[in-house]
Each structure stands twice: as structure tokens, then as C-alpha cells.
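# This is a predicted model, with the sequence first.
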Amino acid sequence: MDLFSPCQLGPIELSNRIVMAPMTRCRAVEGNVPSPLSITYYVQRAQAGLIITEGSQVSPLGVGFIRTPGIYSQEQASGWRKVTDAVHRARSKIFLQLWHVGRVSHSDLLGGQQPLAPSALPVEGYVHGPSGKKKIEIPRAIKIDEISSIIDQFRKGAKMAKEAGFDGVEIHGANGYLLDQFLRDSSNKRTDQYGGSLQNRARLPLAVAKAVVDVWGADRVGYRISPHFQMYSMSDSNPRETFSYLAGRLDDLGLLYLHMIERVGGLNQTAPEARLAPLIRNIFQRTLILNGGYDAKSGNQAIATGASDLISYGSLFLANPDLPERFKRNAPLNAPDIKTYYAGEERGYIDYPGL
């Protein structure tokens, strides 16, 4: 098998094992509705066996970047419906990524309210709000009686994603955002049933996963993790134990796939302790998607050796809308323009040339 082998992803048939990774692009229009340009953007990349959308916040208090699409209003769902219909006409499959940034935000983005977090701890880093670059504020700790509303926001987002015509959803549990904040012991200092022990810290991520499964069925739900992520003051005292436990419990739930961001270099990391993917591979028995600096050669190698079932590509897909065809032909690749990742409208979004 290689990147171009068909794949049966639960009930979904994929034409290849190349996944378009979720990437924040900051092109949404008023009301955090997906831009009409996003229809073209995703259809251009429909050669992917599976597309995973940019993160879409499940609540107005889940916003961490200007102009990111949401999935908490009918207008947003209608905007996404135009995307899913177009991608399906192009014969690809598309999942929506459910997102809540938690503490990685600023009151400018939240209608004057404080960012939410498991614990009120300072956070290193900046966000871009309506008035420019701002240091991340110290968040407010979520009260115990607010936890159920967080779970319900993910549930409602999952329902709206179904209404919008997606093939499934991915829960964003990575990159230092809300669910990752609850899971890791550097960001979670709670003393109630959602903090302290590993089982308690994993309680909210697993409750969210169960709620989304109740909407979609386990065979239409994925979950993304990033054990090596250290921005936004994130770390964990025992990542092997923490992410092994989470992977095991997600496997027990029967989730369709686990999407793991590796250290950049993937299989090229030769030191065994530098990679957690083989450990996670042994624990999570269903589909594993790996991401992290893979190219065509290392992606094919990961598939051929059974290290992963699918490989996701981020910046390479951003700059090369026809990435699978370029891989197949061993053709030159466009270089991504970092300056236009989060701004530029058409420029750096839908104007990268195909072969």
C-alpha cells in the first residue's frame, strides 16, 4: 500500500490516503460565516481522499482568531453547506473540525468577556484581534456548573455540522486549545472532578467525545492530539502516560480515527523516545492519521510499513491545491507564502497555481 491506495474509513470510501489537514486561514466574513471564497479553496483541494476543514468554533466564547468560521449559528451552517455540496460534487469527502480555543484568546474577540480555561493561569503568546496583536490575557477558570454547557456546545456544533452536510467531524483536542488544556497538567490545576488525576483531567475531553458520538455515531467521529506541542505555555509531566490513557479511552468509545501531530520530521526522528506515534499506534486499534513534516517519500513509507493508515498535509496542501497529482508525477512543489497564511483574501488562498 501507499498514499494512492484506496481506503475504507469506517463506512466511508476514500479514493486515496492523502488527507488535507485542518488549517486556520482567517477568511470568514461577517458573523464568522465561511467566506464564499472557501468554496473554491476546498474544491481546488478535492483530490484529497479526505478534507478536514479549518477549526470552527462551537461557541462565540470559543473564538481565538479574527475571521475564523463557526458552527453555532444557522448562517454559519448554511455557509458550510455550500462548501460541502461543492466538495461532494468534486467527489471528495469532508469532515468539519469542532473547536474551542479556551484560554488562547482575548476579550477583544469575546465581546469583552474573559477567555475561559480550566485554571486561571498566565499564558505566553499573542492573538490577533480586531485592533491588532494582543497578548493573551489571564483567563477565567470555568466554574463546575459551566462544564455541562461546554459539552452541550460541542454537541450542538456536531448537530449543525450534520445539517451542513459534512461526512463526519473531528474534535480538536490539540494545539493547546480548550480540551488539550484540560488534559495536560501544566494548564489544569483544578481540584474538583475535572482536575488532579489523569482520569479527572481527561474527563471533559472524553465527555465531549461521547456527546459528539451520540450525534454522529462513533464511526463518523475523529479526534486530534498533539503530544509534543509546547506553545501557549503547554507541557505535561508525563506525555506518554497522558496520551496513552486518552488514546485507550477513545479507542474504547470506538472512534473512527485518531489524528496525531508528530514532531516535525515524523519517521525521520530516529531516537525512539522522540516519537510517541508507535506507542499510540499500538493502543488505538482503529485508523491512525499522522501529520508533521511528511513529504511524499516519508508518507509512502509510513503507509507501507503500517506506521500509519493515512497521512495529513498542511502547508504543502495550502500551497499546492493539486498536491496528490504532484506527488504522483514527482512534480515540483509551490512554496507556501507565510505572509498570506492569515490575510490576503484571494491572494495566498485560491491563487496558487496547479500543474
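The structure has been received and is ready for your questions. Model, not experiment: these values are computed from the prediction.
# Now the residue lying closest to residue 214 once chain neighbours are set aside: which helix or strand?
If the residues on either side of it in the chain are set aside, residue 214 comes closest to residue 155, at 7.1 Å by C-beta to C-beta, 6 or more residues apart in numbering. All C-beta atoms are positioned from the backbone trio N, CA, C, and that covers glycine. Per DSSP states H and E, residue 155 falls inside helix 147-163.
# Return the list of helices and strands in contact with that helix.
Using 3 or more C-beta pairs under 8 Å, 6 or more residues apart in numbering; DSSP states H and E as the contact test, the elements touching helix 147-163 are helix 74-89, strand 93-99, strand 168-172, helix 203-216.
# Next secondary structure element downstream of the third one?
Read it as strand 168-172. The helix or strand immediately downstream of strand 168-172 is helix 178-183, counting by DSSP H and E.
# residue ranges for the helices of the stretch 251-355 of the chain, please.
Ranges of helices in the stretch 251-355 of the chain, per DSSP state H, counting those that start in this stretch, are 277-283, 296-305, 315-319, 323-329.
# got CSV for these, with distance to residue 261 and mean neighbour count too?
Shown next, in CSV, are the helices of the stretch 251-355 of the chain (distance: least, C-beta to C-beta, whole Å; neighbours: other C-beta atoms under 10 Å):
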stretch, distance to residue 261, mean neighbour count
helix 277-283, 10, 17
helix 296-305, 14, 18
helix 315-319, 13, 20
helix 323-329, 18, 18
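# Among those helices, which comes closest to residue 108?
Closest to residue 108 of those is helix 315-319 (C-beta to C-beta; 26.7 Å).
# residues making contact with that closest one?
By C-beta atoms under 8 Å, 6 or more residues apart in numbering, the list of residues contacting helix 315-319 from outside reads 20-21, 23, 45, 48, 295, 323, 333-337, 341, 352.
# out of the residues you listed, which one sits closest to residue 199?
Nearest to residue 199 among the contacts of helix 315-319 is residue 21, at 30.0 Å by C-beta to C-beta.
# mind checking the backbone torsions on that closest one?
phi -70, psi 150 (degrees, to the nearest 10).
# for residue 236, helix, strand, or coil?
coil (DSSP: H, G, I helix; E, B strand; the rest coil).
# related to what we said a few turns ago, distance to residue 200 and mean pLDDT added to the helices of the stretch 251-355 of the chain, as JSON lines?
Output for the helices of the stretch 251-355 of the chain, formatted as JSON lines (distance: least, C-beta to C-beta, whole Å; pLDDT from 0 to 100):
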{"stretch": "helix 277-283", "distance to residue 200": "20", "mean pLDDT": "96"}
{"stretch": "helix 296-305", "distance to residue 200": "34", "mean pLDDT": "96"}
{"stretch": "helix 315-319", "distance to residue 200": "36", "mean pLDDT": "98"}
{"stretch": "helix 323-329", "distance to residue 200": "41", "mean pLDDT": "98"}
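# Ok, which of those comes nearest residue 5?
Shortest distance between residue 5 and the helices of the stretch 251-355 of the chain, using C-beta to C-beta, is found for helix 296-305: 7.1 Å.
# for the closest one, packing partners?
Counting contacts by 3+ C-beta pairs under 8 Å, 6+ apart, helix 296-305 is packed against strand 310-313.
# what residue ranges in the protein score low on pLDDT?
Low-confidence segments of the chain, defined by pLDDT under 70: 264-274.
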